[in-house]
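1. Below are the sequence and a predicted model; questions follow.
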Amino acid sequence: MKAAVILFPGSNREGDVASALKHVTGVTPSIVWHADTDLPAGTDLVVLPGGFSYGDYLRCGAIAARAAIMDAVRAHAARGGLVLGICNGFQILCESGLLPGVLVRNARLRFVCREALLKVERTDTPFTRRYAKGAIVRYPVAHGEGNYTADTETLKRLEGEGRVAFRYVMADGKRDDTQVLNGAANSIAGIVSEKLNVLGLMPHPENHVDPLLGPTDGRALFESIAGVLERA
Amino acid sequence: MTSTEPKITPELIAEHGLKPDEYQRILTLIGREPSFTELGIFSAMWNEHCSYKSSRLHLRGLPTKAPWVIQGPGENAGVIDIGDGQAAVFKMESHNHPSYIEPYQGAGTGVGGILRDVFTMGARPIAALNALRFGDPKHPRTRHLVAGVVAGIGGYGNSFGVPTVGGLVGFHTRYDGNNLVNAMAVGLADADKIFYAKATGVGLPVVYLGSKTGRDGIHGATMASAEFGEGAEEKRPTVQVGDPFAEKLLLEACLEIMEAGCVVAIQDMGAAGLTCSAVEMGAKGDLGIELDLDRLPCREEGMSAYEMMLSESQERMLMVIAPGKEEQAEAIFLKWGLDFAIVGYTTDNLRFVVKHKGEIKADLPIKELGDEAPLYDRPWVETPKQQRIDPASLEITATLPGALERLIGSPDFASKRWIWEQYDHLILNNTVQRPGGDSAVVRVGEGPKGLALTCDVTPRYCEADPFEGGKQAVAEAWRNITAVGGKPLALTDNLNFGNPEKPEIMGQLVGCLRGIGAAALALDFPVVSGNVSLYNETNGRGILPTPTIGGVGVVDDIEKTATLAFKAGGEAIFVIGETTGWLGQSAFLAEILNREEGAPPPVDLELERKNGDFVRSLIEADLVTAVHDVSDGGLLVAITEMAMASGIGASLLAPEDGINPFAYWFGEDQARYVVTVASGEKAQVLRQAEAAGVTIAKIGGTGGDRLNIPGERPLVIDTLRERNEAWLPIYMGAGLM
Amino acid sequence: MKARVLVTLKSAVLDPQGKAIEGALRSLGVPGISSVRQGKVFDVEFDGSDPAKAEATLKDACEKLLANTVIETYRIEFVG
Amino acid sequence: MKARVLVTLKSAVLDPQGKAIEGALRSLGVPGISSVRQGKVFDVEFDGSDPAKAEATLKDACEKLLANTVIETYRIEFVG
Ligand SMILES: Nc1ncnc2c1ncn2[C@@H]1O[C@H](COP(=O)(O)OP(=O)(O)O)[C@@H](O)[C@H]1O
Ligand SMILES: [Mg+2]
């Protein structure tokens, strides 16, 4: 597997995801500068990392979505290549049109860093196949603008096509849209593209891979990716 | 020197915070009347904030050396050797006054400033902490300040990308008009690649890096040293807006040009901006500096030399670049989208010369600007000692369980989760112990080593007895590091006091410093950096003396750190250290009986060391399952915190006859820890305690879901936890946002 | 030349900040405000003085960056 | 009744957002924009129809909450 992590000015979790990839899959990703126009040859997985690209100024992800490298990322996705956008990466995917909808200020207007419970809604994506169906996992969140919103039609389409990959749930494993930590519509934490090769999610699987630091529920996500690419 | 600048008048001198005798000193020093720009430069260099004129004399008494200290006070941050060729770089700094005026930006730029201090030394920041003191929760401004300060700290650190892993928060009416925001940052560097402010080499380019200069914060440093009065609101425009995005770019660019070997000397522009940084670089290297302000990147039009020299625009640096490296350095900065301009040169004449539009705006002796700053031996009086409180003399109507419930639900003891959940405490993937424990622990590189970090001080103690209070702050930081299994290495301090021109306040400062010095010496815990914030007074009333201590220790193996949560039922609970029932200045007395009285608990430094070393040895030998130091709130609060963190209850034994139960459970005797021990290890622990000469007593056992105090109604742990978690969110929720 | 661009949320889109402000104003005792919606304003300065060209440029800027047309609409005003 | 409140940074105050937007527009090839400053706009609806009263209420709202007068200034406009 060849992985590339895109570095925008203001990205700050590129090291976290790179070390998680290495820790779980043994693969050291290359770091690709936003102003570049090409991905390294043979790239299988593109990661848009967390952070505050361009300070989150204007709208989170808006300026990064228009960076030079994004044309290459779009082309990679169109070819069916895997793209993983975490947190700010998810915001960039939405702003760039690779995923529908938008992430706005948390309903309580505060940044929130805590462990969140998530239901893995489908296990037939390249990112989730190592999870048990309906598994409840624990990933941390760390964001001020993770409140997923889309127009009613888009939401209906996403639900109809089963494109919600992760949903916030309460301690009892059930979703409660009125209590969700950031106000996200339908408790959406992550969605996939039509062809299932692009995943955007707000929580941080990369911060839950090392038993020394806490739970390790994020490992299976990276194992899933590596597994898919090995077989390919 | 120029006709366009204002004339120097006694009023203008006073407005610059310079006393008549200080102005006289300037006249003597330069042999003529200063220009307006020069007056500004002197006022910046000689104010309390930059010159430490009231505290310098007494700071000299602090122990600052140890074999592992690479750099003590005097640079942007302290540096200690943590083994394996690595160094920890850290410092704490206050942004109290700006945070009161504009809490979000004030606190945020405070974080920005301390991060810059750390990466200026060549270290990548790996953790941030903050010590916050607010006024009475009932004071109309308190909620607004809490919301703004917390959002500001988070807003800056989260965007910059450093985990904020710990700190402290307290409330007291004495901070009503003067909240405290003390921010600490810790970085990691190779021990042989530390960068300093000292310039070397004549004729080398002095380079300006980072964001452009605007009119922000002009006179900010002077403001930070001026007592607040009714007119505080008028000083508003001196607040700066922070740009964490620019700071993140500045970090990456600085580390990159350091790595490329371009940097001879580097100094961040903090308080008093360009003035302080340029003078310091030259003076430390015995060189002169000549600046050409026509080249300074400015954000606003028509800025005068005076404004440029005093601007406190954030996210800026000054460097001396190695010969022939200008182009390489510039390319790196342009890549990161930052300004880069050669604004001057080093000279060999020891003058600080500032040119603007073909005129010389300042020409001053560079060494004297710093060295000849006034130094005051201000008169001080010792704080009168108070009597030890006799528990028998107290009229207590509360019950033990009732008092405990009230204490853990009170502002100072309530969980601070609402705050630290607004801080990204996980970024960088190294947070081994998250907020909520005795010390935060962050992994160093790939491990197995880690750093243990904590902030501590008990202002009530310091007010009652500055010497014992100063000792206690250091001892508690040392203890908190020990409690997670760390070896305490060094500390940074942030001395927050009122007006030093009052002998009683000066007495607090002197007393606390002596206490800090004594404890730092006895515990081999030297002071490597620090900051002083004076004049924290409103309408003549000062804050409680608050010398915040930031402690750093090393954990050899992060797999072996201890945490405070109970691990299982059926384990024995021991207290290590002597319990005499010391209630003077205790939280129980203050919160339950509404009395802040008596002598605070004395700190026996030898005992601290003995007990702490013993606890650390137990952790290293894997003989204890949970560890918590006993600090304010006493034994019962410590046990309750261990229970709440785990959901596991405890059944306690009755104290020996003769001791007042309130004093026993809530007394704040020092040098104590609570530990739990699995049944198989009990005998071993007791044997080792005896061999070490350490006092140890079994006080109960873990198990169930309740806290059982003999003869009292049981308390359900979940209910206690709800109470503990409830206060802050409810308090803040009742507010605006 | 100066222009002002107003970017506001489409009316169907929820505005948590506006809601929070409404609540805060109520608890501050500011009476009579029934609804608040928050948007952004950009004060833009141009080289040149051709309003038609400026308008085209700004429209371009809005479409490309300043507004997220999934949830926002924009309006351009000339101020002097 | 409707009003619009514009809250903008005082001119001497650093506007990191505006700066980032300028840079982005430049790299997107939008020409001729020399400066961008970002502010907030609040669209407010009132009960009642007394403009004098509304203005007083809004001023109060601005001072208390909508504007941070340490670094921002505000302007109130009536739109209908
Ligand atoms: N401002 C803050 N920021 C981050 N963490 C905080 C803050 N205030 C308190 N905490 C965390 O809450 C926990 C309890 O704090 P405290 O009661 O002061 O601990 P201790 O008594 O052991 O010094 C600690 O882990 C501390 O780091
Ligand atoms: Mg402790």
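-> Looks like it arrived, so ask away. Numbering: from 1, shown residues only, chains lettered A, B, ... in the order given. Ligands and ions are numbered 1, 2, ... in the order given.
2. Contacts only, for B:G122.
-> The contact partners of B:G122, taken as Cβ atoms under 8 Å, 6 or more residues apart in numbering or on different chains, are B:V89, B:A189, B:K193, B:I194, B:F195, B:L255, B:M258. C-beta here means a position set from N, CA and C on the backbone, and glycine is covered the same way.
3. now, which of those sits nearest B:V624?
-> Checking the contacts of B:G122 against B:V624 by Cβ to Cβ gives B:V89 as the nearest, at 31.7 Å.
4. pretty sure A:G227 belongs to a helix, no?
-> Yes. Under DSSP: H, G, I helix; E, B strand; the rest coil, A:G227 sits within a helix.
5. isn't it right next to A:Y131, touching?
-> No. With contact defined as Cβ atoms under 8 Å, A:G227 and A:Y131 do not form a contacting pair (11.7 Å).
6. Neighbour count: the two, which is higher?
-> A:Y131 (22 against 16; other Cβ atoms under 10 Å in any protein chain shown).
7. so who does the residue lying closest to B:P655 once chain neighbours are set aside touch?
-> Nearest non-adjacent residue to B:P655, counting by Cβ to Cβ, 6 or more residues apart in numbering or on different chains: B:Y664, 4.0 Å away. Applying Cβ under 8 Å, 6+ apart to B:Y664 gives the contacts B:T579, B:G581, B:L635, B:P655.
8. tell me the secondary structure for the second one?
-> I take that to be B:G581. Per three-state DSSP, B:G581 ends up coil.
9. Identify the residue spatially nearest to it, adjacent ones excluded.
-> B:A663 (3.0 Å).
10. can you count the residues close to that neighbour?
-> By the criterion of other Cβ under 10 Å, B:A663 has 25 neighbours.
11. pLDDT of the helix or strand hosting it, averaged?
-> B:A663 is part of helix B:661-666, with elements assigned from DSSP states H and E. Average pLDDT, helix B:661-666: 97.
12. The helix or strand just after it and ligand 2 in contact?
-> Counting by DSSP H and E, the next helix or strand C-terminal to helix B:661-666 is strand B:673-677. No. Applying Cβ under 5 Å from the ion, one finds strand B:673-677 separated from ligand 2 by no less than 9.3 Å.
13. chain center to strand B:673-677: distance?
-> 29 Å (Cα atoms, centre = their mean, to the nearest Å).
14. CA atoms only: put it into PDB for me.
-> In PDB, the C-alpha atoms belonging to strand B:673-677 read as follows (Å, rounded to 0.1, in the frame of the first residue of the first chain):
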ATOM      1  CA  TYR B 673      -0.400  10.200  49.600                       C
ATOM      2  CA  VAL B 674      -3.300   7.700  49.400                       C
ATOM      3  CA  VAL B 675      -2.400   4.400  47.800                       C
ATOM      4  CA  THR B 676      -4.200   1.200  47.100                       C
ATOM      5  CA  VAL B 677      -2.600  -2.200  47.500                       C
END
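15. Can you list the buried residues in the helix or strand immediately after that strand in the chain?
-> Using DSSP H and E, the helix or strand that follows strand B:673-677 in sequence is helix B:682-692. Counting neighbours by 16 or more other Cβ atoms under 10 Å in any protein chain shown, one finds that the buried residues in helix B:682-692 are B:V685, B:Q688, B:A689.
16. okay if I get the residues you listed as CSV plus pLDDT?
-> Formatted as CSV, those follow (pLDDT from 0 to 100):
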residue, pLDDT
B:V685, 98
B:Q688, 98
B:A689, 98
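17. element containing the nearest residue to B:I13 once chain neighbours are set aside?
-> Among residues not flanking B:I13 along the chain, B:Y23 sits closest, at 4.9 Å (Cβ to Cβ, 6+ apart). For B:Y23, the host element (DSSP H and E) is helix B:20-30.
18. Identify the residues contacting the helix or strand just after that helix?
-> In the C-terminal direction, the helix or strand that comes right after helix B:20-30 (DSSP H and E) is helix B:36-46. With Cβ under 8 Å, 6+ apart as the test, helix B:36-46 has contacts from B:5-6, B:8, B:12-13, B:16-18, B:22, B:26, B:30, B:34, B:50-51, B:53, B:221-222, B:271-273, B:275-276, B:279, B:304-306, B:309-310, B:352, B:354, B:361-362, B:364, B:369-370, B:373-374.
19. Packing partners of the helix holding B:Y23?
-> helix B:10-15, helix B:36-46, strand B:359-365 (3 or more Cβ pairs under 8 Å, 6 or more residues apart in numbering or on different chains; DSSP states H and E).
20. Those residues of chain A touching chain D, which are they?
-> A:Y54, A:G55, A:Y57, A:L58, A:I63, A:R66 (Cβ under 8 Å from any Cβ of the partner chain).
21. try chain B
-> Contact residues (Cβ under 8 Å from any Cβ) of chain B with chain D: B:101-102, B:104-105, B:211, B:214-216, B:236-237, B:239-241, B:243, B:245-246, B:299-300, B:313-314, B:337, B:736.
22. Any of these buried? List them.
-> B:101-102, B:104-105, B:211, B:214-216, B:237, B:239-241, B:243, B:245-246, B:299-300, B:313-314, B:337, B:736.
23. Intersect the residues you listed with the contacts of chain A.
-> B:D243, B:F245, B:A246, B:G337.
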